[in-house]
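J.: Got a predicted model here, sequence first, then my questions.
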Amino acid sequence: MEYQPLRAAPRVAESQGVRPPSDALYWRRQFQSPIFLKEFAPITCISFVPPANDDGPAAARSRFAVTTGTRVQIYSMRTTRVVKTITRFKDVARSAHFRSDARLLVAGEDSGAVQVFDTNSRTILRSFKGHELPVHVSRFSSDPTQVLTASDDRTVRVWDMPEQKAVRIFEGHEDYVRAGAVSPDNSNLVLSGAYDGTVRLWDIRMAERGGEAIRMEHGAPVEDILIFPTGGGGMAMSAGGPIVRSWDLLAGGRCTHAASNHQKTVTSLALSVDSGAGFSATGGTSSGSMRVLSAGLDHLVKVYDPADDMRVTHTMRYPSPILSLAVSPDESHIAVGMADGTLCVRKRELRASEIESRARRRVALNTGAYEHFNTRGDRASAPTGAEELSVENARRQKLRQYDRLLKAFRYRDALDASLQHGVPAAVTFALIMELMRRSPHGGADGLRRAVSGRDDITLEPLLRFLLRHVANPLYTPLVCDTLTVVVDTYASVLGQSPIIDDLFGRIWSKLGEELRLHTQLFQVKGALEMVLARAALGATS
């Protein structure tokens with residue numbers, strides 16, 4: 001059997017059946033370097049160009065719009081610089097969104113007007129007048145010729161761009177309407193959320209009850225909503241107060257989950273449809289690739305896994321209350337707008353495999369799914385010559401230094417190589433576990449052979465490594481086992497080296513602190529159990 005390189009040692013949480021924090025590693029490592037930009041007013045809306053089946057102009061699609069004050073700034077995703085500025089507003093601008101072809105942009109304003117702009121020339125192509133109060137929702141429908149708007153006048157309107165008039169007006173909310181979305185599967189279905197604490201699903205084709213198909217009670221003023229894309233199972237999300245709720249629209253608007261992980265109001269929601277968190281650097285896979293992101297006034301952005309009961313998988317902290325949040329369709333950018341006018345953009349580099357996979361998916365959507373799934377013919381190759389079986393030379397895997405030494409049974413040198421700077425602690429502990437398993441019949445195990453025969457200079461790096469991780473609960477069992485071997489091996493020569501004696505003293509001191517902490521925790525636990533038992537006894541009497 002060929003030698004298998006070392007893998008990172010499993011942590012205590014994994015051995016107990018807890019899924020490794022793959023999402024946290026993905027969001028932390030992939031989106032590492034935030035870029036902070038300053039605007040002159042609070043950033044109330046950020047929108048990327050929606051995904052489309054056709055390619056469209058690459059430069060136009062690599063943009064995002066930032067609504068701030070009385071203008072809309074259009075940024076380049078590649079350079080994070082302003083490429084266009086739209087200032088043709090009479091009042092504060094609201095909710096600027098692109099159409100899927102990136103050629104048009106719609107925005108509302110506090111005067112009640114709604115305007116459609118050409119993104120290249122910035123000219124006003126259409127102007128819709130009908131709202132009497134500020135328009136906080138303006139976006140294109142899944143039908144590219146229609147526009148959805150919602151206003152503080154408590155109405156939701158669907159406009160026809162060619163005729164420049166309202167196709168349908170929904171009047172049912174009892175307070176300001178601050179959130180709205182159109183179903184990506186059916187342009188006749190509109191979802192809205194208002195400060196009356198309700199989320200309502202409207203049907204343009206429906207005449208009964210003013211077009212209201214489903215009413216859902218969120219329980220707090222609704223700040224934002226979203227509908228899962230095609231294949232999302234008819235699910236929707238709403239945010240209001242510190243609560244994020246998920247709704248099953250196919251089940252009549254049943255609330256499936258309610259997450260309250262924010263300390264203050266949740267102001268914005270975003271969807272990561274094809275998150276790479278499902279395939280992280282840890283090697284583990286999550287339950288699904290879709291993620292929901294929420295941002296709030298508590299300066300936090302939280303990432304949820306909707307396939308795992310809305311479990312929070314990662315949290316990002318920002319310097320100011322957050323008003324808007326957006327994720328690019330290719331999952332390469334996260335943009336956050338704050339109340340003090342700060343715009344934060346986090347980027348990640350797309351892997352070649354991701355770009356190729358998205359290109360294949362786009363081709364499948366344009367040409368049909370048969371060619372996309374019928375790949376058997378691509379993999380099969382015709383027999384050559386006399387149908388002889390030819391085996392290509394397997395490419396030899398390049399091993400690291402500690403792997404090469406371990407393969408050659410040089411245990412002491414392999415342990416020294418794993419203690420060098422730059423080697424992750426998980427790899428070092430994986431080597432220690434492998435040495436423990438290598439115990440020939442009637443002889444000492446590999447770890448004892450690797451530890452023995454050292455002087456104070458070569459023993460010092462091992463003791464310093466154990467000192468760093470002696471209080472780490474992730475590796476406590478391995479540290480204790482290794483310390484036991486070290487003490488058994490060098491018990492007869494202790495006291496002859498001041499450096500080694502000092503390191504042993506620091507290790508015992510840290511172990512003593514941990515034991516005292518455990519004693520205090522058990523005391524607190526006992527006191528709490530007494531209080532709870534007394535309270536339960538009083539409640540039953």
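T.: Everything's here; your move.

J.: From the chain's centre, how far out is the one helix or strand residue 537 maps to? Work that out for me.
T.: Using DSSP states H and E, residue 537 sits in helix 498-540. Here helix 498-540 is found 36 Å from its chain centre; the criterion is CA atoms, centre = their mean, to the nearest Å.

J.: now for it, which elements pack on it?
T.: helix 456-469 (3 or more CB pairs under 8 Å, 6 or more residues apart in numbering; DSSP states H and E). Quick note: C-beta positions are derived from backbone N, CA and C, even for glycine.

J.: Run the chain-centre distance for the helix it packs on.
T.: 37 Å.

J.: Show me what counts as buried in that helix.
T.: For helix 456-469, burial by neighbour count (16 or more other CB atoms under 10 Å) applies to 456, 459-460, 462-463, 465-467, 469.

J.: send the alpha carbons of that helix over as PDB?
T.: Extracted C-alpha coordinates of helix 456-469, given in PDB (Å, rounded to 0.1, in the frame of the first residue of the first chain):
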ATOM      1  CA  ASP A 456      18.000  19.900  26.600                       C
ATOM      2  CA  ILE A 457      18.400  21.800  23.300                       C
ATOM      3  CA  THR A 458      16.300  19.300  21.200                       C
ATOM      4  CA  LEU A 459      13.800  18.700  24.000                       C
ATOM      5  CA  GLU A 460      13.000  22.400  24.400                       C
ATOM      6  CA  PRO A 461      10.900  22.900  21.200                       C
ATOM      7  CA  LEU A 462       8.700  20.000  22.100                       C
ATOM      8  CA  LEU A 463       8.000  21.300  25.600                       C
ATOM      9  CA  ARG A 464       7.300  24.800  24.300                       C
ATOM     10  CA  PHE A 465       4.800  23.400  21.800                       C
ATOM     11  CA  LEU A 466       3.100  21.400  24.600                       C
ATOM     12  CA  LEU A 467       3.100  24.500  26.800                       C
ATOM     13  CA  ARG A 468       1.300  26.500  24.100                       C
ATOM     14  CA  HIS A 469      -1.500  23.900  23.800                       C
END
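
J.: Can you tell me what sits against it?
T.: Contact with helix 456-469 is made by 415-416, 419, 425, 428, 451, 454, 475, 479, 482-483, 486, 490, 497, 499-500, 503-504, 506-507, 510, as judged by CB atoms under 8 Å, 6 or more residues apart in numbering.

J.: change it to 7 Å
T.: By CB atoms under 7 Å, 6 or more residues apart in numbering, the residues outside helix 456-469 that reach it are 416, 419, 425, 428, 475, 479, 482-483, 497, 499-500, 503, 506-507, 510.

J.: Equivalent analysis for stretch 174-189, please.
T.: The contact list for stretch 174-189 (CB under 7 Å, 6+ apart) reads 136-137, 141-143, 146, 148, 150-152, 154, 156, 190-196, 201, 203-205, 222-227, 229-230.

J.: Pipe the buried residues of helix 456-469 into CSV and attach distance to residue 347 and pLDDT per row.
T.: Listed next are the buried residues of helix 456-469 as CSV, based on distance: CB to CB, whole Å; pLDDT from 0 to 100:
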residue, distance to residue 347, pLDDT
456, 48, 84
459, 45, 89
460, 42, 89
462, 40, 90
463, 42, 90
465, 35, 91
466, 39, 90
467, 38, 89
469, 33, 88
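
J.: mean confidence for the helix holding residue 537?
T.: For helix 498-540, mean pLDDT is 87.

J.: Repeat that for stretch 113-129.
T.: Mean predicted confidence for stretch 113-129 is 94.

J.: Same check on stretch 445-454?
T.: On average, stretch 445-454 scores 85.

J.: ok, now stretch 335-355?
T.: pLDDT averaged over stretch 335-355 gives 87.

J.: Stretch 162-170 now?
T.: pLDDT averaged over stretch 162-170 gives 93.

J.: Also stretch 188-198?
T.: The model assigns stretch 188-198 a mean pLDDT of 95.

J.: got the end-to-end distance for it?
T.: 20 Å (CA to CA, to the nearest Å).

J.: do stretch 203-221 as well
T.: 22 Å.

J.: ditto for stretch 222-238
T.: Rule used - CA to CA; the end-to-end distance of stretch 222-238 is 7 Å.

J.: Flag every buried residue along that stretch.
T.: Per 16+ other CB under 10 Å, stretch 222-238 contains these buried residues: 222-229, 232, 235-238.

J.: roughly how far apart are residue 205 and residue 131?
T.: 23 Å (CB to CB, to the nearest Å).

J.: between the two, who's got more neighbours?
T.: Counted by other CB atoms under 10 Å, residue 205 and residue 131 do not tie: residue 131 has more neighbours, with 22 against 10.

J.: For the more buried one, give its distance to residue 325.
T.: Residue 131 is 25 Å from residue 325, by CB to CB.

J.: cool, and residue 156?
T.: 22 Å.

J.: Let me know the helix or strand that residue 345 is in.
T.: Assigned by DSSP H and E, residue 345 falls in strand 342-347.

J.: Which strands and helices lie in contact with that strand?
T.: Here strand 342-347 touches strand 34-38, strand 333-338, going by 3 or more CB pairs under 7 Å, 6 or more residues apart in numbering; DSSP states H and E.

J.: so which of those gets nearest residue 46?
T.: With CB to CB as the measure, strand 333-338 is the member of the helices and strands packed on strand 342-347 nearest residue 46 (4.7 Å).

J.: could you check the angle strand 34-38 makes with that closest one?
T.: Angle of strand 333-338 versus strand 34-38, following axes from the mean of the first three to the mean of the last three CA atoms, to 10 degrees, is 40 degrees.

J.: what packs against strand 333-338?
T.: strand 43-48, strand 322-327, strand 342-347.

J.: Helix or strand with the lowest mean pLDDT in the chain?
T.: For the chain, counting by mean pLDDT, DSSP states H and E, helix 12-15 ranks last in confidence among helices and strands (a mean of 46).

J.: got the CA positions of the next helix or strand after that helix in CSV?
T.: Using DSSP H and E, the helix or strand that follows helix 12-15 in sequence is helix 22-30. The C-alpha atoms that make up helix 22-30 are tabulated as CSV, following Å, rounded to 0.1, in the frame of the first residue of the first chain:
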residue,chain,number,x,y,z
SER,A,22,-16.2,24.5,7.7
ASP,A,23,-18.4,27.5,7.0
ALA,A,24,-16.6,29.7,9.5
LEU,A,25,-13.2,28.8,7.9
TYR,A,26,-14.7,29.5,4.4
TRP,A,27,-16.0,33.0,5.3
ARG,A,28,-13.0,33.9,7.4
ARG,A,29,-10.3,32.8,5.1
GLN,A,30,-11.8,33.5,1.7
